[in-house]
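next comes the sequence, and after it the predicted model I'd like to discuss.
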Amino acid sequence: MSEPTMRSPLHSFGLEEQAKPIDGSCGVWANEIPHLGYISLRGNGTDPAFVTAASTSLGVSLPLRPCTFASSNGITILWLSPDEWMIVCPRAQLSALLGSLRHALTDVRSQVVDNSGGYTQVIIEGPNALDVLQHVSVYDFAGLEPGRVVGTTFGKSSVYAFRQGEGYRVVIRRSFADYIWRYLVRAAVPYGLGIADLAGSRVTEEGVPA
Amino acid sequence: MRKDYSSWSLFTKGLRHNEGWNPAWRSAEPKPSYDVVIVGAGGHGLATAYYLAKDHGVRNIAVLEKGYLGGGNTARNTTIVRSNYLWDEAALLYEHALKLWEGLTEDLNFNVMFSQRGVFNLGHTLQDMRDIERRVNANNLDGIDAMVLDAAEVKRRIPILNTSKSARYPVLGASFQPRGGVARHDAVAWGFARAASKYGVDIIENCEVTGMDIANGRIAGLETTRGTIRSERVGCVASGHSSVLAKMAGIRMPIESHPLQAFVSESMKPVLDTVVMSNAVHGYASQSDKGELVIGAGIDHYTSYTQRGSPHIIEHTAAAILELFPMFSRARMNRQWGGIVDTTPDACPIISKTKVKGLYFNCGWGTGGFKATPGSGNVFAHTIARDDPHPLNRAFDLARFSTGHLIDEHGAAGVAH
Amino acid sequence: MFVLFCPHCGEKREEEEFGYGGEAFIPRPATPEALDDEAWGDYLFMRKNPKGWHWEMWSHNTGCRKFFVVKRNTATNAIAGSWTLAEGRKAYDAEGGST
Amino acid sequence: MSSYRVRRPGARVDFDKPLTFSFDGQAYDGFAGDTLASALLANGTRMLARSFKYGRPRGIIGTGPEEPNALMQIETGAHTIPNLKATQVELYDGLVARRTTGWPTLEFDLKSLGGLFSRFMPAGFYYKTFQNQKLWPKFEHIIRQAAGYGSAPSEPDPETYDHSHRHAQVVIVGGGASGLLAALLAGRAGLKVVLLDEQNECGGWLLSSPHSVIGGEQASAWLKSAVGELQSLPNVQVLTRTSAFALHDMNLVLAVEQLQDHLPIADRAAHQPRQRLHRIRAERVVLATGAIERPLVFGNNDVPGIMTASALTTYLNRYGVAVGKRILLQTSNDHVYQGAADLARAGCEVVLADTRTRINPAWEKRVRAAGVDVRTGFGIAYARGRRAVTGAQLVKLDAQRNVVVGSGPSIDCDALGSSGGLSPTVHLYCHDGGRPHWDEERLAFVVPEAGRAKSGIYGVGAVTGEFGLQNALEQTERITRELLSSLGKSAPTSSGNLKTDEPDATPARRIFRVPDGRAEGHGKKAFVDFQNDVSAADIHLAVRENYRSIEHIKRYTALGFGTDQGKLSNVNGFAIAADVLGKSIPEVGTTTYRPAYSPVTFGTLAGAHAGDTFEPRRYSPMQAAHVARGAEFEPVGQWLRPWYFPQTGEDLHAAVRRECLAARRGVGIMDASTLGKIDLRGKDVREFLNRVYANAWTQLAPGKCRYGLMLDENGMVMDDGVTACVADNHFLMTTTTGGAARVMTWLEKWHQTEWPDLDVYMTSVTDHWATAAVVGPKSRQVLAKICSDIDLSPSAFKFMDWREGTVAGVPARVFRISFSGELAFEVNVDANYGHHVWEALMDGGREFDITPYGTETMHVLRAEKGFIIVGQDTDGSMTPLDLDMAWAVGMKKPFSFIGKRSFARSDTAGPNRKQLVGLLTDDPQIVLAEGAQVIERADVTPPAAMLGHVTSSYYSPELGRSIALAVVRDGIARRSEDGHKSGRDLLYAYAGGKAHKVTVVSPVFVDPKGDRQNV
């Protein structure tokens, strides 16, 4: 029996083989950041017991302001709704985080769900990244400030999107990944799309850079 | 009724600079009272008045219209006529209408340009094809023309259709109703108005109903912007505005009024000589005798009385049409518009007496009203004249929302049309 | 096409992010079995459908997935405001719960 | 250079860049900066179309989107575009244009024969004839032969389109003088501004009038510096070749940007879309859309060479084309005077006939100085000429009333321009419900200057009726300052001197139809709507026939329904109707327009929603494995699922037969990842499930699963699936593939709106879990090979149990549930491992000949067991009781679960419901059509009463015969248990003209006792 191997949702596009270091040759750079851990966390944001327990066990304060996110120690917590967060973490930390969260929240009205198989992340960078996002989504990305995360449309599907560093991250559902990637590629045609080489960068080591 | 529209009359009047034409209908001043008042001078309302006069001998009839006659959904639909509905009740009602359509031009002495160029309902999934098979078989047993066609036959009949297997929704086949087709929408209202007027029906435009006089559970008259009009029988046929009228009578209706949009292309050389509808991709199209592609969109999800909807619905429909007909990619939309459709929980109309004696409602046609116009008027006239439903509309009463006897036509009504 | 303010996300967003949720404040009868068929049918199917101000629900499908309340004029598409379900109920009651 | 070319200073054509193009196969020359229209005019082409109804010769009338006649087929093959207006086609080298009317030739059009009988073809003549329904198709065929302008390409579109969603503080529509000034003010104030102009450069009317003066400098210089400044402002974006075609609710402007059409095909950039749809949401919208000159209506006003007066001016000043040498201008107002002077100075012989007796002395002085022959108080009775105008007969008009009081001279000319005043371009203002109002002084429907400031819509310049340049600019500055202050900004500096050299205006004459001294309909045809051949007489006829509402008039005559959207015709039509009706124009009605302002390409509307991005296609984590094994796929909702796995030479039936037998007798494997999955947690989960499911959930222990039926409040089955108890407060629900999103929203809605107090959270985990169903008597052996930490023995791991363990080295949840009736295990793993686990199961199963199967085999297997598919065996009208599934309904639950009350309604509880049954054909080899109707007798003469229909029908390889599921009226009582005692079980199934004898039986065909799944 072969060793268990993971296949990310965009595996079939062979992005790894096409990747090259980011340079000035393309208007848009994108790639999948595969195999991160995703935890859906539900609970009442106005319940101090919940917030404290979750924040303590994660080592990051749960972002309570709407449409914001918090990052620390390689963990990013996206506010999705007043009672829903998504925790994005390196795979290596997944089971520990799940365990500590569940333990901390045992007696608190809440839900902790491993959703790591259900999502992947795409990074979109480059001078025309904003143009591409304006093609694919109805959201006013020109007005999206750093530190904010929004759930919005992507063609006829939906994503969670946030700005990080020079670029944007979109968190997408696995079964829509094929559509979303094709839609993204199509939108990027006028600007030239490069597959960004993320290997060795902190992105893949830690999931999301601080 | 004298048939004064003919080639001969065109010739003789043409010789005299077309000065000899008479008004197509008489614009009347409201009288103090009528035997029957119809509220709403759309196709259905005018047809009701016409059949009341013609078939039931009622002479003292008024049709009230808050705007201009035929200005509501009659003027805003995509003109498709067919009867291939799923359930017996609906199919037989629409078939009754279709039979009337087939004689309507001659009956009204007004060419409504009923063009029986056939209607295709495409199937794109195995379940679509099951539904098509079920509907076609039911239609055949009800005496309605219908057939199931496979993809190759559909392609043969509509060469410009994209039947590629790699399409997002490949065409697996279709149901086809040869007797279905299209008609000139405005002409239906004008033809019925003219014919009803000849029977002495008073057509009163710019007359909005503002209140109902109900005493002891009976209707006694209407308050209007042109004064009080007394009548012990009132038929309301106001499509999108039915809830507003029902509220005046203290009646609750299972209706929600939604925008329904449509658009036409510029006029192009005809390449599509039939009607093509697709539930799966959400669009339908025909090409008019002027060469315009007439395209219907899906319904907007929210309620609105504004006669306009959201543009992404139009964009989606354009995409759907291009999925079916890639060759129209470089054609251009000339004009878009919206109507207000009165939808019911089971996508079937309400043609019913009410708890107010003498007050009748004919509404809830959703996206299917135009095709039913003569049949709807015909059975509603019967219902009002006899104070008892016609056998064909007995099932379409308000009581079904209490008994649970819904007639769910969502599948066959499908996309708006 | 509308712009709706999502009271949970605290932002105005385009209509395509939302789903229409129908007339607001149709509470489910506490004891359905106590209702006769007509009253039950009324709850199931009868709607105000006013031409004018309408209290309705929308859900922020691509965002927080929360249902919320909008007061919108169906004759003009003007919007008077958005509220959370609880706050909307208060505003609705303050109006006398009518349209 | 042709003799029509004039080297005008300030012209926007580049005489150093000659181009060639063809029209109807003939080669012509033009210059960069020309439109197809200006180039054709420069080449002396006058007639280039035939009219729609009467086949009359037609030429160019306008300069932009108002053009009704010059509809062109541009290019050929896949690049061809129908119906472009020659006035909007930018000329490029090698452009190929063809006429769209005139058959067989432009010179001789067959329709013109019909035109000879035009008096017998008045408006609405169709309605009055062709009344034989049997003959109508033949008439219609002939009508359709003659219908239409250009043709759609017959090949797929080689170009692409996209959408861009933008948000701006201020969108300004129109880059004329007012629009530019507004943009400058808003831009200087630091606002995020988008300025849209449909032409290839900003300037609007200034481009046609480069010698006007603004603040002491020439308009061309003012324009240059304004555009330059706007381009330097980073917060301002100027989009030219971008036509705003719609204004929707809440200040959403839709605009199409042309990116490629102005380039030779070979020069078009493959990576750029042809057109881009901008959807711009703006806090404020400024309509600076200007106005379009409307022609006067007079006899034979459609002869080629007759244009709007402003078109003559524009062709001269902007394109360097003097359309004629001897020009007759007819006006009712001041607007034509500058152009008259320009034409005269350019060397044309110009006669200016003003219908007014008192004209503007300042203008009169200026034009006379230029050599214009001014005649006052004259109107054109009719024009002369057929394929090109040769002159016109003038008549003397009464000073006040629009009647003829005497004869006038006959004037020869080779071009004729008329002006009945300006019609503001109010289209966009109307789109979202705004209504312009009639300004009797300016004789125009205008946008009020503060527009609907409350909702953020403003109008500036000519669209508001400010036709004078100076007035327009001053008003623009004032209104823009108001707008800025509404956004908390102020214009930092004054815009400087906005003075122009225009004389004060003299009132225009209120005239639309120039009288010819004859009763309407007796004289020469006078056209109102050129594209639809609507004459003044047609409007009179409509009114005579009681089509008195303006909407009736428009619809009866087709006024304003062409591709020019009535830009030239609507006001004239209204005015003529008003005169006949004896009403004022506002009494007749307010003009209103619907999108699109000018036609929009379907491809542009669709944008990127085309081809493989038309709609989402969802795939399971094992998709690659299925493709590798040659699966055929079936769309199920948004998903693509394996339908069957044909081996070489197999068709569907052969493959399904093999797959079915493998699952029944050996082992099969199916991808069930697409099922919806919802994780529910909280102390009230059981109560929540009790409310949303028909079943009872109070007793289900951890480690156990249960099948559940979900109903709508109407009592009808809406979804089903297996739900597992993970822990007392933790459940995992599955839904149908197509119903997942609907169920999730449904549950959230109930929780949020009705039962927020219930302690339960739910999260979709559909995409997290990959699910492989290993099915068949040998499934345990297969699983055992790659799963060592779960005791798979029948006693330890029972049917409807689930266990956690490791499969192929991956943490897994294994459910012992079955949709086939066989021993089966559903293995769920993190979807990233889905492919790995699938392949591991295939490897482990190789020695057992494990057989992958798709949805078709799944359907056969479940139908053999009588298991329903919601949406196939149900249609929204079936209760659980109709399905004979009372066992799945917990009628005793304390809470009245969703749908329960509806069971008790008179019809739902009544007799004669359609109920789920099995059907067996007499001939076991006949497989009934799914959708066959069930009837009582073999006689199918309509109307034949129908009892129900076949919902599922297959050939069962296991049984070696056909089987079917059906819903049949009173079906449960008809089931044949012990022979045909009552005979009610003997029915017929009708499909495709044939009725087959069938027997009603139990829907469970295989293993009725359910022993196999328990082994």
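It's in.

torsion angles phi and psi at A:Pro48?
phi -60, psi -30 (degrees, to the nearest 10).

what parts of chain C come near chain A?
C:8-11, C:13-14, C:16-17, C:60-66 (C-beta under 8 Å from any C-beta of the partner chain). C-beta: built from backbone N, CA, C; applies to glycine.

in ChimeraX, select just the buried ones from those.
The buried residues among the residues of chain C next to chain A can be selected in ChimeraX (16 or more other C-beta atoms under 10 Å in any protein chain shown) with this line:
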select /C:8,9,11,13,14,16,17,60,61,62,63,64,65,66
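
ok, of the residues of chain C next to chain A, which one's closest to chain B?
C:Glu16 (5.7 Å; C-beta to the nearest C-beta).

how about the contacts made by the closest one?
Counting by C-beta atoms under 8 Å, 6 or more residues apart in numbering or on different chains, C:Glu16 touches A:Val138, A:Thr153, B:His312, C:Met1, C:Thr62.

mind checking which of those land in helices?
Counting by DSSP state H, the contacts of C:Glu16 place B:His312 in helices.

lowest-confidence entry in the contacts of C:Glu16?
Across the set of these, C:Met1 stands lowest in pLDDT, at 83.

and the residue of the stretch 151-300 of chain D found nearest chain B, how many neighbours?
Evaluated by C-beta to the nearest C-beta, the stretch 151-300 of chain D has D:Asp157 as its residue closest to chain B, separated by 3.6 Å. By the criterion of other C-beta atoms under 10 Å in any protein chain shown, D:Asp157 has 22 neighbours.

looking at the residues of chain C next to chain A, which is nearest C:Trp83?
Nearest to C:Trp83 out of the residues of chain C next to chain A is C:His8 (C-beta to C-beta; 10.5 Å).

which residues touch that closest one?
A:Pro66, A:Ser81, A:Pro82, C:His60, C:Gly63, C:Cys64, C:Lys66, C:Phe68, C:Thr84.

go ahead and confirm D:Asn132 touches B:Glu106.
Yes: applying C-beta atoms under 8 Å as the test, D:Asn132 and B:Glu106 come out as touching, 7.3 Å apart.

contacts only, for residue 89.
You didn't pick a chain, so chain A it is. A:Leu36, A:Gly37, A:Ile39, A:Gly74, A:Ile75, A:Thr76, A:Leu97, A:Gly207.

hm, I was asking about chain D
D:Thr35, D:Leu36, D:Ala37, D:Met72, D:Ile74, D:Leu95, D:Ala97, D:Asp261.

tell me which of the residues you listed fall in helices.
Short answer: the contacts of D:Val89 in helices (DSSP H) are D:Leu36, D:Ala37.

columns neighbour count, pLDDT and distance to chain A on top of the contacts of D:Val89, output as a markdown table?
Listed next are those as a markdown table, based on neighbours: other C-beta atoms under 10 Å in any protein chain shown; pLDDT from 0 to 100; distance: C-beta to the nearest C-beta, whole Å:
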| residue | neighbour count | pLDDT | distance to chain A |
| --- | --- | --- | --- |
| D:Thr35 | 29 | 98 | 27 |
| D:Leu36 | 27 | 98 | 27 |
| D:Ala37 | 30 | 98 | 30 |
| D:Met72 | 30 | 98 | 28 |
| D:Ile74 | 21 | 98 | 23 |
| D:Leu95 | 24 | 98 | 24 |
| D:Ala97 | 24 | 98 | 28 |
| D:Asp261 | 21 | 97 | 16 |
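
spatially, which two of the contacts of D:Val89 are the most separated?
So, the contacts of D:Val89 by C-beta to C-beta: farthest apart are D:Ala37 and D:Asp261, at 15.0 Å.
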